[in-house]
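[1] here are the coordinates; sequence isn't available:
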Ligand SMILES: [Zn+2]
């Protein structure tokens, strides 16, 4: 039951993400005003805003101007829904039994927040090759607050691990800054350099290693595929942020397993 609720919540958060990403890119306020069709500007009714279902019932077209709606909308909604479902499942969320005022529920909320952040970064960087600073900094501040509360309020994270997370964030930042600097910005954008601070805080050492490995591996594979199909030249950029958040999401939940598996091979 909790997992189904998380899935439904994720669908609505996905819809919210679509809206926020569009409005932030167009420099509109994302709190004020109703959602409208990007083509004809017609204000959307509640019926037009139901995740996935609206898209299906309207046949992927705007109710008013019949302009095609981007497949991005339902994909982000379904993707976020499935990610929320996975998070609830992996954290074994059972808030209907244990209630909402406990550490386990706080953890769940935190991972929902991080997932939301990651999906926004994914969409933004995938579409426009930028990672908004506001998004990265909000992620860093919330994560630091979460870690500090884990250490000093709930006493479930030792001060050593807290310090280790901060050092990890600093070291990966330096590593990525060097990559950025010595490649003249060709290897990655500065947005990625700032993003890894958040990823270092979330994962710490050694979990950051499988995250970066997965990111570089997927990036390389996608890069080669694009070159083979001559869609992109060697010089043109492939956004790196989507791979970084994907690698981090996997490492957050499976990092320990991946490291153990790797060590067992040696
Ligand atoms: Zn329209």
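    Thanks, I have it. Every value quoted in this text rests on a predicted model; they were computed, and no experiment measured them.
[2] which bits of the stretch 51-200 of the chain sit near the ion?
    For the stretch 51-200 of the chain, the contact set with the ion under Cβ under 5 Å from the ion comprises 62, 64, 65, 67. Heads up, the C-betas are built off the backbone N, CA and C, glycines and all.
[3] Most neighbours among those, which one is it?
    residue 62 (18 neighbours; other Cβ atoms under 10 Å).
[4] Am I right that residue 126 falls within a helix?
    Yes - per DSSP: H, G, I helix; E, B strand; the rest coil, residue 126 lies within a helix segment.
[5] where's it relative to residue 76, distance?
    10 Å (Cβ to Cβ, to the nearest Å).
[6] Of these two, which one has the most company?
    The residue with more neighbours, out of residue 126 and residue 76, is residue 76; 24 against 13, by other Cβ under 10 Å.
[7] Find the nearest non-adjacent residue to that one, please.
    residue 14 (4.8 Å; Cβ to Cβ, 6 or more residues apart in numbering).
[8] and the host helix or strand of the one you found, which residues are buried?
    Element membership for residue 14 (DSSP states H and E) is helix 2-25. Of the residues in helix 2-25, 2-3, 6-7, 9-24 count as buried by neighbour count, 16 or more other Cβ atoms under 10 Å.
[9] just checking, next helix/strand downstream of that helix?
    Assigned by DSSP H and E, the successor of helix 2-25 is helix 53-57.
[10] Only the buried residues of that following helix, if you could.
    54, 55.
[11] for stretch 109-129, same thing?
    Judged by neighbour count using 16+ other Cβ under 10 Å, the buried positions of stretch 109-129 are 110-125.
[12] Next, the angle helix 2-25 makes with the helix or strand where residue 108 lies.
    Assigned by DSSP H and E, residue 108 belongs to helix 103-128. Angle, helix 103-128 to helix 2-25, by axes from the mean of the first three to the mean of the last three Cα atoms, to 10 degrees: 40 degrees.
[13] Next, the angle helix 2-25 makes with the very next helix or strand once past helix 103-128.
    Where DSSP H and E defines the elements, the next helix or strand beyond helix 103-128 is helix 133-152. Angle, helix 133-152 to helix 2-25, by the same axes, to 10 degrees: 140 degrees.
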